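S.K.: Got a sequence here, can you model it:
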Amino acid sequence: MNARARRLAVAAGLLAGACGNPLPVVDTGGDYDPSADPLVDPPSLHELYPVAEPQRADIGTTIVRHDFSQPATLNPLFPSGAASPWTMFGMLFEWLVVRHGSPSDYDWNSNVVLDVQPSEDLHSVTLELNPELRWHDGEPWTAHDVVFSLEALRDERVPVSFWPTPRDLVVGATAEGAHRVRFDFAGLLAPQLRLEALAFPIMPLHIVGDAAERAADPTLRSSSYYNRYGREAVIGSGPFRFVEWRNNDRVVLERWEDHYLFDRAPPAAKTMIFKFQPDRNLAFLQFLGGEYDQIYVDANIFARQAKGELFEERGVKGRHASALLLSLLWNMDGSNPFFVDPLVRRALAHAYDAETVLRRVGHGLYRRSYGFMVEERWDYEQAILEQALDYDLERAAELLDQAGWLADPDTGWRYKEIDGERVRFSFELSYTAGLTYVPPTLDILREDFRRLGVEMVTRAYESASLNERRLAHEFQALGTIVGTTQDPNALRNQLATDAYDGGRNSGGYSNPRVDELFDLGKREQDGERRAAIYREIHREVYKDQPALFLFHVSFLWVFNNDIRGVELGPMGTILLWPTPPEGWPSRTGPGWWRERQAAE
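M.R.: Residues are numbered from 1 along each chain as shown. Next comes the predicted model:
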């Protein structure tokens, strides 16, 4: 029996025994240290495409990638909570700007933008576009597509909740011919925002902007016509083209051989398959059996399970600190009797036992959160630790007493008299199924809340369904992944008062000072003064506790050990264009590649 057959046989046995149940935690006898694990981030995993030795790469390979849920659509105007569509958007569509590993390195996509002409007052910029670009159906890619895409983002009839930066900061676009476009900004913007404001998806005018279909469905998402082009006949312009979508199973993309750069700079893999498996434990066993080349894992699998002879024959691990955080978002819009009061929100923050959660759930791989900002960024307020709401159930009880939620002497549950009715403090928290670190975190929180006399009932939803409930504000509390790796102005979409309708401020947070600071920050030209503005936002938001900030997740993956060219950023692989190796004739590199195996 060869090695692959043996892996398949062992994995099949594990699958039969596990049946999707959680894998047991293995006690390794001490804290896990990823820096001491030779399987974590080996140099081979991140090796760029070997331009001087192209024979090393298997150019006909298929790479199978994992996500825990499928997207709602591949129309990039409407990204869902799943990770894979964000990666696919960068493969299927050409963009005006790209970025590589750092969140601050947005740059012009020279495959698309041939010349940049800013106005003297910096209130506008004119771009010369590449006339060689085409859509996957052969139609030309023009300035009219660019203008239409921005207009769609700004159309109030189109329910776009993402892409706040271009929607808010670009007031107009004008096609000055087929391959020249001028953008007008909302006044003088901070230097980074003048580039980031143009990081939006370009859609085909001849399809998405069809006059008759747009009149019949001005949302661009509800009709059978738009559903077809979002799920069955996706037309992009990038180096990969859409092949098929098998519902609740996979999306298949294939290298597009008619791309204008194909002869000079093709993607390294012929086919990319994004396969959906909500159970990460089961996905790990399937990885061992050879069904995946990459999967997302949780800290338990990464630290305790991805080891030993069977794993080492097949896999290595990749890790990157993330700017994304797990939080419990409180609905403060008055639709429930609990979370409008900041005393209640601060009380529940004192009921968070961060040390226990990070040890039991994170295995030392996650880090405690003190708000949206992360410590390595320029907008992080170091003094926030002096305001930290640490675990203190006695203080939590005092705050709930002050808020009028008093413990019943017989049952211990807390009640409050509201409009003549005795209301018990019992709320429902909704969260995304498949995030395996969420249930054990909630279990720890639930016990401490119970000690306070507060009941938390939890309910899991599929990602796309929960996203719809979030946008409709149909929740009391929401376990959610939030944050940004972009310029901190992007947080305005989650925190500004006017982002409640049409934005991502789903909980109805409102602080006039925060609103004012966001307006100041988007225009400030001096870097130090701008940093001070966002640090004040950090302090204000942490004081208000619109969410219970739990921990910043680390992106954790396992990969087939013959995969190369993997780049990881603060958003993982999301909207991260491959870095071109030296001598590569394109602004974006060939991406992931597979080391060709020696003939047996």
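S.K.: what about the nearest residue to D448 once chain neighbours are set aside, distance to A396?
M.R.: The shortest distance from D448 to any non-neighbouring residue, by CB to CB, 6 or more residues apart in numbering, is to A351 (4.6 Å). From N, CA and C alone the C-beta is placed, and that goes for glycine too. Between A351 and A396 the computed distance is 5 Å (CB to CB, to the nearest Å).
S.K.: which residues are common contacts for those two?
M.R.: Common contact partners of A351 and A396 (CB atoms under 8 Å, 6 or more residues apart in numbering): L452.
S.K.: ok now stretch 246-265, how far from the chain's centre?
M.R.: 22 Å (CA atoms, centre = their mean, to the nearest Å).
S.K.: what's the answer for stretch 324-342, then?
M.R.: With CA atoms, centre = their mean, you get 21 Å for stretch 324-342.
S.K.: Please apply the same query to stretch 522-535.
M.R.: For stretch 522-535, the distance to the chain centre is 25 Å (CA atoms, centre = their mean).
S.K.: which residues sit against it?
M.R.: Counting by CB under 8 Å, 6+ apart, 169, 187-191, 193, 373, 378-381, 488-489, 492, 517, 520-521 sit against stretch 522-535.
S.K.: Can you give me the neighbour number for L253?
M.R.: L253 is flanked by 25 other residues according to other CB atoms under 10 Å.
S.K.: Model confidence score at it, please.
M.R.: Model confidence at L253, given as pLDDT, is 98.
S.K.: Report the secondary structure state of it.
M.R.: Classification of L253 using DSSP: H, G, I helix; E, B strand; the rest coil returns strand.
S.K.: Isn't it up against F242?
M.R.: Yes - using CB atoms under 8 Å, L253 makes contact with F242 at a distance of 6.2 Å.
S.K.: Spit out the residues that contact the two alike.
M.R.: L92.
S.K.: Could you give me the buried positions within stretch 486-506?
M.R.: Of all the residues in stretch 486-506, those buried under the rule 16 or more other CB atoms under 10 Å are 486-496, 499-500, 502-506.
S.K.: So which residues of the stretch 151-300 of the chain form strands?
M.R.: 170-175, 180-185, 240-246, 250-255, 271-276, 294-296 (DSSP state E, counting those that start in this stretch).
S.K.: what's the fourth one in contact with?
M.R.: With CB under 8 Å, 6+ apart as the test, strand 250-255 has contacts from 70-71, 74, 84, 88, 91-92, 239-246, 262, 266-267, 269-276.
S.K.: That strand vs strand 271-276, what angle?
M.R.: Put simply, strand 250-255 runs at 160 degrees to strand 271-276, going by axes from the mean of the first three to the mean of the last three CA atoms, to 10 degrees.
S.K.: And the second one, by the same measure?
M.R.: With the same axes, to 10 degrees applied, the angle from strand 180-185 to strand 271-276 works out at 30 degrees.
S.K.: So which elements touch strand 180-185?
M.R.: Judged by 3 or more CB pairs under 8 Å, 6 or more residues apart in numbering; DSSP states H and E, strand 180-185 is in contact with strand 124-129, helix 143-154, strand 170-175.
S.K.: the longest strand in this structure is where?
M.R.: strand 315-330 (DSSP state E).
S.K.: could you give me the average pLDDT of the helix or strand following that strand?
M.R.: Per DSSP states H and E, the first helix or strand lying C-terminal to strand 315-330 is helix 342-350. Taken as a whole, helix 342-350 has a mean pLDDT of 98.
S.K.: I'd like to know which of the helices and strands packed on strand 180-185 is closest to V457.
M.R.: Among the helices and strands packed on strand 180-185, helix 143-154 comes nearest to V457, with 37.6 Å by CB to CB.
S.K.: elements contacting the closest one?
M.R.: Short answer (3+ CB pairs under 8 Å, 6+ apart): helix 143-154 packs on helix 164-169, strand 170-175, strand 180-185, helix 205-208.
S.K.: possible to save the strands of the stretch 151-300 of the chain as a markdown table with distance to L48?
M.R.: Shown next, in a markdown table, are these (distance: least, CB to CB, whole Å):
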| stretch | distance to L48 |
| --- | --- |
| strand 170-175 | 34 |
| strand 180-185 | 32 |
| strand 240-246 | 19 |
| strand 250-255 | 18 |
| strand 271-276 | 18 |
| strand 294-296 | 17 |
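S.K.: who's in contact with the nearest residue to Q387 once chain neighbours are set aside?
M.R.: Leaving aside its chain neighbours, Q387 sits nearest to Y542 (6.0 Å; criterion: CB to CB, 6+ apart). By CB under 8 Å, 6+ apart, the residues touching Y542 are Y370, G371, I384, Q387, F549.
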